[in-house]
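Student: The sequence and its predicted three-dimensional model are supplied below.
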Amino acid sequence: MFPKNAWYVACTPDEIADKPLGRTICGQPVALYRGAEGRVAALEDFCPHRGAALSLGAVVDGNLMCGYHGLVMGCDGKAVSMPKQRVGGFPCIRSYPVVERHGFVWIWPGDPERADEAAIPDLFWAHHPEWAYGGGLYHIGCDYRLMIDNLMDLTHEAYVHTDSIGQGEIDEAPVQTRVEGDQVVTSRVMQGIVAPPFWQAAMRAHGLDDQALVDRWQMSRFTAPGHVLIDVGVALAGKGGFEADARDKVSAIVVDFMTPETESSHWYFWGMARHFQPDDDALTDAIRAGQGRIFSQDLAVLEAQQRNQRNFPGRRLLALNIDAGGVRARRILDDLIQAEAA
Amino acid sequence: MFPKNAWYVACTPDEIADKPLGRTICGQPVALYRGAEGRVAALEDFCPHRGAALSLGAVVDGNLMCGYHGLVMGCDGKAVSMPKQRVGGFPCIRSYPVVERHGFVWIWPGDPERADEAAIPDLFWAHHPEWAYGGGLYHIGCDYRLMIDNLMDLTHEAYVHTDSIGQGEIDEAPVQTRVEGDQVVTSRVMQGIVAPPFWQAAMRAHGLDDQALVDRWQMSRFTAPGHVLIDVGVALAGKGGFEADARDKVSAIVVDFMTPETESSHWYFWGMARHFQPDDDALTDAIRAGQGRIFSQDLAVLEAQQRNQRNFPGRRLLALNIDAGGVRARRILDDLIQAEAA
Amino acid sequence: MFPKNAWYVACTPDEIADKPLGRTICGQPVALYRGAEGRVAALEDFCPHRGAALSLGAVVDGNLMCGYHGLVMGCDGKAVSMPKQRVGGFPCIRSYPVVERHGFVWIWPGDPERADEAAIPDLFWAHHPEWAYGGGLYHIGCDYRLMIDNLMDLTHEAYVHTDSIGQGEIDEAPVQTRVEGDQVVTSRVMQGIVAPPFWQAAMRAHGLDDQALVDRWQMSRFTAPGHVLIDVGVALAGKGGFEADARDKVSAIVVDFMTPETESSHWYFWGMARHFQPDDDALTDAIRAGQGRIFSQDLAVLEAQQRNQRNFPGRRLLALNIDAGGVRARRILDDLIQAEAA
């Protein structure tokens, strides 16, 4: 269950650099490619001639040519040409609104009339010289909402990620959840603690004493349909936490875009935009590698959780205070899904 | 959907040289083996004792002995013997008409009463000293009829096989389709062209100038249920094309036998019988390797096409002039299938 | 179809030595672990908080802590604690009766009220200084009853295990089947024969002439739900066979515990308890390796048999005298299953 009238991340630009990409998004097989003047385009991955996968074809003069018999499809889903054929009466296929912005390709799987580019999240850090970004993509065999639950309740860090970002104090600190319009925010602050390994390394990279006591913050912000951006960081204790001067803190935004593939699998675009040492490419690579490892720990937990939904059908789950973020995010999603069904 | 009262290729002789072979043909698990005096035989792959797979057994004195408890089955599907047992009342299993001919083992999955060996295709080149043959077998995850479509419209060579047998002129040349009794023939002739890489290599092997202009032909002949033999070749331009003297041309027959495994998969026996340099075994090996690579390109396209039939149910496909061969072949198959159902 | 009110082998102690184990038993996902004072425990593999797999967690102070958000579950299936939460009202999950005995962990998947430890088989050899044991575990893709059939009719040794324990004389010797209360026993004695390779090696290890004629015995004893213990061995001919003096024979018990995973797969705990050279660890290893190889031969046969049950639905199988052991064992199982359904 997912809303269709929404912007999802379809892919990253590198995935369509050399050739088209076939990817199932919200249950729909899509061919993504660069059309005329390098503009991104997306069509149903179905050639109206004989049903071949257009994503196995090639871009020719800005149009997508089927790799089976050469039917050329325009970015609007209309047949353009085919050797020795008149294509005027050929059936059209769906084209999808797509926009390349902030280092991602965004797709609107629902009603094209309602696609409004202004609704694409504003990722200011993607264009800011003081910020650096690195990320990756995982295919995960679970409902995208289980990942939203995961990210809206970072309590799990204390258990799943014990050797990197987890620490006992996470459990101790109360979590706050609030709804801001169509967003849900859960936040947790830990004061006067020793930083966990991941943040100690970041402090060293930023020239701070990694043994100094710090104030740590985590603020997960959910926006429908599947975006969770998490302000994270540590500042030297008593310097103002999240609001501290840039010299006294290491801060970042954990970036999470979940795009449903099927009802029980999704594409997980993860990354970190950091606000320290932005020109240190080796640091970018090291953080990406570390984050990739951390998120692969979630993967095993989430896929087992998905299997358990099938193995133990009908079991009611608990909704504790720590789960409030996920619960409220699901409520927003349910409303959107119901509105589309109506 | 496939006719059952027809000869299909079950296997090649090398596949049963050392031990029995289990293979599902037209949805029926079959045990193929060499029985008395080396004659090929085929039984249901099901031991009437406890349901073990007979193909895991061994041939003993020309009969197939179950590898589990030693029940010996005759080639007629009747139990022959079992240690310490009287087998007279044991239930019979199906035996299938099988014939070894022209380098293939042919099976008749339908009514044995109607199996007529005269209906096995006459592959004259298999026995002719001026011809050489090499081939292979692929398991392909698609309806065998998608492969028939593929082979009856070689337009795809210009797109799928661009580095071997494809060339732009294929698109330019009109295709002719005709029905000859229970056969369908599509043909295409390209005159005064430069040969594509595969045929240039063949010309060199035959002592011809590989840069000379040639006349090229392709004539695909479909015979139900799943046989497509394609006359292919190039002759020096103006020497008569397909009818040219053997010194002035390199010609061959592309051999394609499709045997359904299930509704959505088939065994693809492919090969090439060539009419030049028949004693050059290294050339046979080189052609087989090249053809295997070319056909593996089709495999990816066809399996994606099969998935699209499931992903986009109910979509109507186009039937253009280039598709006429496949369309007419399917009509013949539909008639056969309906006649069997009646 | 399997009885649930019965003791099954869940795992061996080494499988839960370092961390919990998740295993599906009789269709139920179970988390097995060592609780307080090292006692084995088993819970539904489902955290009542958010449905995570408890088996991915860790044992803390004798309780199983969920690895996702730290809910601690007691061995009785009641929530014990969770950071910052009152768990009094949390739903319980199932706990299973489990007993560690004779080198195995036994589980009762049915009504806990009816679990009687006295019904666990008495494996005297597990504690006897004159006996040694080695074994292993296979996951097998077939109904556990096909394995019972296999073990209750050792005729198959002559066909499946021709290079180790099979020999033509097995076929020659009549098999006796009798029901003893809730047990079924099939036995076969071969007198004055040459031992097969496996037993020749055992004779050598025991200091006997491996070319001497022997009397060989096989006595398979089935106990519901899935236990088959087989007395096997050879004694110097005329010395009394099974009853011969220990110096004149090599004897052992083939140990087989089949635990259903699903309707068409099971966990197969196999091993051999031997009554000769008990202190020779190298011999234990060699026998285990050989037995593992022998049983992997059965695996291929049984999984093909399972596929044939699906491929040839509704076929009646034969029940010969050699099959009587399996037939009678299934009758006992059918009665138990029907009694539970009533």
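Tutor: Here it is on my side, so go on. As the structure is a prediction and not an experimental result, all values here were calculated from the model.

Student: which parts of stretch A:116-127 are buried?
Tutor: A:120-121, A:123, A:125 (16 or more other C-beta atoms under 10 Å in any protein chain shown). The C-beta positions use only the backbone N, C-alpha and C, and glycine is treated the same way.

Student: Just put these in TSV and tack on secondary structure.
Tutor: Output for those, formatted as TSV (DSSP: H, G, I helix; E, B strand; the rest coil):
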residue	secondary structure
A:Ile120	coil
A:Pro121	coil
A:Leu123	coil
A:Trp125	helix
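
Student: what's the closest of those residues to chain C?
Tutor: A:Pro121 (26.9 Å; C-beta to the nearest C-beta).

Student: Identify the residues contacting that closest one.
Tutor: The contact partners of A:Pro121, taken as C-beta atoms under 8 Å, 6 or more residues apart in numbering or on different chains, are A:7, A:102, A:223, A:227, A:229.

Student: contacting residues for the closest residue to the third one other than its chain neighbours?
Tutor: Spatially, and ignoring its direct neighbours in sequence, A:Thr223 is nearest to A:Gln183 (5.3 Å; C-beta to C-beta, 6 or more residues apart in numbering or on different chains). Contacts of A:Gln183 were listed using C-beta under 8 Å, 6+ apart, and they are A:221-223.

Student: Of those residues, keep whichever come out buried.
Tutor: A:221-223.

Student: any idea how far B:Met272 is from the residue of the stretch 1-150 of chain A found nearest chain C?
Tutor: Closest contact between the stretch 1-150 of chain A and chain C, by C-beta to the nearest C-beta, is at A:Asp149 (6.8 Å). Going from A:Asp149 to B:Met272 by C-beta to C-beta, to the nearest Å gives 58 Å.

Student: What's the separation between the residue of the stretch 1-150 of chain A closest to chain C and C:Leu64?
Tutor: Counting by C-beta to C-beta, the gap from A:Asp149 to C:Leu64 is 21 Å.

Student: cool, A:Asn5 as well?
Tutor: A:Asn5 is 43 Å from C:Leu64, by C-beta to C-beta.

Student: Those two: who's more crowded?
Tutor: C:Leu64 (28 against 18; other C-beta atoms under 10 Å in any protein chain shown).

Student: Secondary structure element holding the more buried one?
Tutor: C:Leu64 is located in strand C:63-65, with elements delineated by DSSP states H and E.

Student: In its sheet, which strands sit next to that strand, and in what direction?
Tutor: Paired strands of strand C:63-65, with direction, are strand C:58-60 (antiparallel), strand C:72-73 (antiparallel) (DSSP bridges).

Student: who's in contact with the last one?
Tutor: Same thing as strand C:72-73. Here strand C:72-73 makes contact (C-beta under 8 Å, 6+ apart) with C:43, C:47-48, C:54, C:60, C:63-66, C:79-82, C:93.

Student: now stretch A:52-59
Tutor: So stretch A:52-59 is contacted by A:19-23, A:29, A:31-35, A:43-47, A:64-69, A:73, B:159, B:300-301, B:304-305, B:307-308 (C-beta under 8 Å, 6+ apart).

Student: how about the closest residue to chain C within the stretch 201-342 of chain A, what does it touch?
Tutor: Proximity of the stretch 201-342 of chain A to chain C (C-beta to the nearest C-beta) peaks at A:Ala304, 3.9 Å away. Shown in contact with A:Ala304 (C-beta under 8 Å, 6+ apart): C:22, C:52-53, C:56.

Student: tell me which of these is nearest to chain A?
Tutor: C:Ala53 (3.9 Å).

Student: so how far is C:Val30 from the closest one?
Tutor: 11 Å.

Student: hey, what's in contact with both of the two?
Tutor: When C-beta under 8 Å, 6+ apart defines a contact, the residues bordering C:Ala53 and C:Val30 alike are C:22, C:45.

Student: who's in contact with the closest residue to chain B within the stretch 201-342 of chain A?
Tutor: Closest to chain B within the stretch 201-342 of chain A is A:Thr262: 11.2 Å, counting by C-beta to the nearest C-beta. Contacts for A:Thr262 were tallied using C-beta under 8 Å, 6+ apart; they are A:24, A:27.

Student: Which strand residues bridge it?
Tutor: Note on A:Thr262: beta-bridge partners by DSSP bridges are A:Ser265.

Student: Read off the pLDDT value for it.
Tutor: Here the pLDDT value assigned to A:Thr262 is 97.

Student: just to revisit the earlier point, how about the strands paired with strand C:63-65 in JSON lines, adding mean neighbour count?
Tutor: Putting those into JSON lines (neighbours: other C-beta atoms under 10 Å in any protein chain shown) gives the following:
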{"stretch": "strand C:58-60", "mean neighbour count": "15"}
{"stretch": "strand C:72-73", "mean neighbour count": "24"}
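
Student: Mind putting those into JSON lines with distance to A:His206 and mean pLDDT?
Tutor: Output for the strands paired with strand C:63-65, formatted as JSON lines (distance: least, C-beta to C-beta, whole Å; pLDDT from 0 to 100):
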{"stretch": "strand C:58-60", "distance to A:His206": "33", "mean pLDDT": "96"}
{"stretch": "strand C:72-73", "distance to A:His206": "37", "mean pLDDT": "98"}
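
Student: Adding distance to B:Gly134, write the ones you listed out as JSON lines.
Tutor: Converted to JSON lines, the strands paired with strand C:63-65 look like this (distance: least, C-beta to C-beta, whole Å):
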{"stretch": "strand C:58-60", "distance to B:Gly134": "60"}
{"stretch": "strand C:72-73", "distance to B:Gly134": "65"}
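
Student: Nearest to C:Val254 among those strands would be which one?
Tutor: Comparing these by their distance to C:Val254 (C-beta to C-beta), the top pick is strand C:58-60, with 34.2 Å.

Student: Who's the closest spatial neighbour of A:Glu37, skipping the chain neighbours?
Tutor: A:Gly62 is the one closest to A:Glu37 (C-beta to C-beta, 6+ apart), at 7.1 Å.

Student: Report the separation between that neighbour and A:Gly181.
Tutor: Separation of A:Gly62 from A:Gly181 (C-beta to C-beta) stands at 39 Å.

Student: just the helices in chain A please.
Tutor: Assigned by DSSP state H, chain A shows helices spanning A:144-152, A:157-160, A:169-172, A:197-205, A:281-311, A:324-341.

Student: same for the third one, what does it pack against?
Tutor: Packed against helix A:169-172, as judged by 3 or more C-beta pairs under 8 Å, 6 or more residues apart in numbering or on different chains; DSSP states H and E, are the following elements: helix A:157-160, strand A:183-194.

Student: So what's the predicted local confidence for A:Phe104?
Tutor: Looking at A:Phe104, its pLDDT is 98.

Student: neighbours around it, how many?
Tutor: Close neighbours of A:Phe104, defined as other C-beta under 10 Å, add up to 24.

Student: check contacts around it.
Tutor: Going by C-beta under 8 Å, 6+ apart, A:Phe104 touches A:9-13, A:257, A:269.

Student: Can you tell me how far it is from A:Asp171?
Tutor: Plainly put, A:Phe104 is 34 Å away from A:Asp171 if you go by C-beta to C-beta.

Student: Just grab the bridge partners of the residue nearest the centre of chain A for me.
Tutor: Centroid-nearest residue in chain A, with C-alpha atoms, centre = their mean: A:Phe257, separated by 1.2 Å. Beta bridges link A:Phe257 to A:His227, A:Phe269, judged by DSSP bridges.

Student: measure it to C:His266 for me?
Tutor: Between A:Phe257 and C:His266 the computed distance is 43 Å (C-beta to C-beta).

Student: same question, A:Ser55
Tutor: According to C-beta to C-beta, A:Ser55 stands 42 Å off from C:His266.

Student: again, but for A:Ala53
Tutor: 40 Å.

Student: Please say which of those two ends up with more neighbours.
Tutor: C:His266 (29 against 24).

Student: Would you mind giving the contacts of A:Ala304 as TSV with pLDDT added?
Tutor: Output for the contacts of A:Ala304, formatted as TSV (pLDDT from 0 to 100):
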residue	pLDDT
C:Gly22	98
C:Ala52	97
C:Ala53	97
C:Leu56	96
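
Student: Thank you, goodbye.
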